[in-house]
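A.B. asks: Here is a sequence together with a model predicted from it:
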Amino acid sequence: MDRTLILLKPDAIQRGLLGSIISKFENKGFKIMGLKMLQMSKDLSKQHYAHLVDKPFYPDLEKFVTEHPMIAMVIEGKDAVDVVRLIVGPTNASKAPAGTIRGDFSNSTSRNVIHASDSKETAEKEIKRFFKDNDLFKYEFRNGYYLRASDE
């Protein structure tokens, strides 16, 4: 099973979208292994968005992600990184298809309600950035038999 990091950005909280967004992952059969609310610091923002720090839009991005709280989640499931990225939709929400989180809840590139790791390697780094090992819980779904065949 794969794990991935999801951040529900401040706009998701401010717009009251948490339940609608989280339910998409639960409905797909993913397990939430860890979930917490946090206030991102400027240092954490610079670490997480290191690849964007030199971009002209970074100061606005940093202000946006540090000004209000957000939710961090670790999701686990079959092909979690790839499937979560499909559920989330493209970064530019104005090009995101209906039915995706960004397609349904955003029309912006910078205020696009959610972040999801883009690869297994990135997910591993990002999970460690936001969660300690004892913040994550291992458990089995009692209904796992109904989610997928034993050979999947």
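C.D. replies: Sure, I can see it. Keep in mind the model is a prediction, meaning the values are calculated, not measured.
A.B. asks: So what's the predicted local confidence for N107?
C.D. replies: Per-residue confidence (pLDDT) for N107: 88.
A.B. asks: E140 too?
C.D. replies: In this model, E140 is scored at 87, pLDDT.
A.B. asks: Let me know the secondary structure of it.
C.D. replies: When classified by DSSP: H, G, I helix; E, B strand; the rest coil, E140 comes out as coil.
A.B. asks: Adjust the sequence numbering to begin at 13 for everything that follows.
C.D. replies: With the count now opening at 13, the last piece we talked about shows up as E152.
A.B. asks: gap between it and E88?
C.D. replies: E152 sits at a distance of 11 Å from E88 (criterion: Cβ to Cβ, to the nearest Å). Heads up, the C-betas are built off the backbone N, CA and C, glycines and all.
A.B. asks: Compute the mean per-residue pLDDT across stretch 34-48, please.
C.D. replies: The model assigns stretch 34-48 a mean pLDDT of 97.
A.B. asks: Return the distance of that stretch from the chain's centre.
C.D. replies: In terms of Cα atoms, centre = their mean, to the nearest Å, the gap separating the centre of stretch 34-48 from the centre of its chain is 10 Å.
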